[in-house]
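Asker: Sequence first, then the predicted structure:
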Amino acid sequence: MGCTLTATEPRRVHSMKSEPVSSNAIHTTILEEVKQMKKPEKIKERTSSVLDNRIPLSSRQKFQIVKSWKGIERNIKTTGINMFLRLFEANDEIMQLFVFIGGYKTVTELRESESLVGHVTMVMHTIDEAITSLDDSEYVINMLQSIGKSHKTRLKDFDPNQFWKIEDPFLLAVKETLGDRYTSNMENIYNLTIRFILETLIEGFNLG
Ligand code: HEM
């Protein structure tokens, strides 16, 4: 798909709703908001296409994941939301980081917030950009490192190991979206890829 991120700061509009809502309603609200969001604009052209051992995939594996990822691209928003709802179910402390940064008072406010919806979109587009740029190692590594670095700037108490918390929810969400197409070969390739992405974010964080 080849979309990249804009450098614009997500708007922080706080929902003032105080009524409790069901998780289905939360899911629907986030899904609807994400559907309204524009795809980030491309900010940089890719430059090269070389084999590089910093990318842990063979040419064939890169080809296979780009092909498989088309199945996710068609459902990228739902996959992203499923991933985050799982992440929050299992890790209250990660949800608290968003509460902190957006000044939300309740979990309901956070779940309905633009900040969270914006982040779901940014995470999925970052992963999309990484997967579709694996042939350009210099670009993909720089892009991921700079995002890792910016988490250091933005989140004072963020432990970079928290990036790993997204690994299982990501793999589960991909599995759910791809269904039968998630073969054991694809499982292995997605495992290698998400590990590469998270390791590179952490490297960037540590360089920051
Ligand atoms: C798992 C723990 C993570 C937490 C707690 C977290 C938290 C945050 C927060 C609070 C922001 C600022 C949002 C705002 O200002 O409204 C942010 C921005 C962002 N996050 Fe994350 N994030 C996590 C993982 C990731 C991952 C895995 C990716 C990419 C694969 C990612 C990509 C981004 C991007 C692209 C931005 C906006 C640009 C930037 O500041 O770099 N985040 N994140």
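Answerer: Cool, the structure landed.

Asker: pLDDT score assigned to Pro10?
Answerer: pLDDT for Pro10: 33.

Asker: For this protein, what lies in contact range of the ligand?
Answerer: In this structure, the chain approaches the ligand at residues 5, 10, 12, 94, 97-98, 101, 115, 118-119, 122-123, 126-127, 147, 150-151, 154-155, 162-163, 165-166, 197, 201, judged by CB under 6 Å from any ligand atom. C-beta: built from backbone N, CA, C; applies to glycine.

Asker: Would you list the buried entries among those?
Answerer: Buried members of the residues of the chain next to the ligand, counted by 16 or more other CB atoms under 10 Å: 5, 10, 97-98, 101, 115, 118-119, 122-123, 126-127, 147, 151, 155, 162-163, 165-166, 197, 201.

Asker: from the residues you listed, which ones fall inside helices?
Answerer: 97-98, 101, 115, 118-119, 122-123, 126-127, 147, 151, 197, 201 (DSSP state H).

Asker: just the helices in this structure please.
Answerer: Counting by DSSP H, the helices of the chain are 23-36, 59-73, 76-90, 92-102, 107-111, 114-132, 137-154, 167-178, 184-207.

Asker: Quick one: list the elements packing against the second one.
Answerer: Going back to what we said before, that points to helix 59-73. In terms of contacts (3 or more CB pairs under 8 Å, 6 or more residues apart in numbering; DSSP states H and E), helix 59-73 is packed against helix 114-132, helix 167-178, helix 184-207.

Asker: likewise the last one?
Answerer: Counting contacts by 3+ CB pairs under 8 Å, 6+ apart, helix 184-207 is packed against helix 59-73, helix 114-132, helix 137-154, helix 167-178.

Asker: got it, and the third one?
Answerer: Counting contacts by 3+ CB pairs under 8 Å, 6+ apart, helix 76-90 packs against helix 23-36, helix 92-102, helix 114-132, helix 167-178.

Asker: Any figure for the gap between Thr126 and Phe63?
Answerer: 21 Å (CB to CB, to the nearest Å).

Asker: residues contacting whatever residue of the chain ends up closest to the ligand?
Answerer: When scored by CB to the nearest ligand atom, the chain has Ser150 as its residue closest to the ligand, at 3.3 Å. Ser150 is in contact with Gly208, counting by CB atoms under 8 Å, 6 or more residues apart in numbering.

Asker: now do 10 Å
Answerer: Counting by CB atoms under 10 Å, 6 or more residues apart in numbering, Ser150 makes contact with 7, 201, 204-205, 208.

Asker: so what's Phe84 scoring on pLDDT?
Answerer: pLDDT, the model's per-residue confidence, is 86 for Phe84.

Asker: The one 4 residues further on now?
Answerer: Each residue has a pLDDT score; the one for Phe88 is 83.
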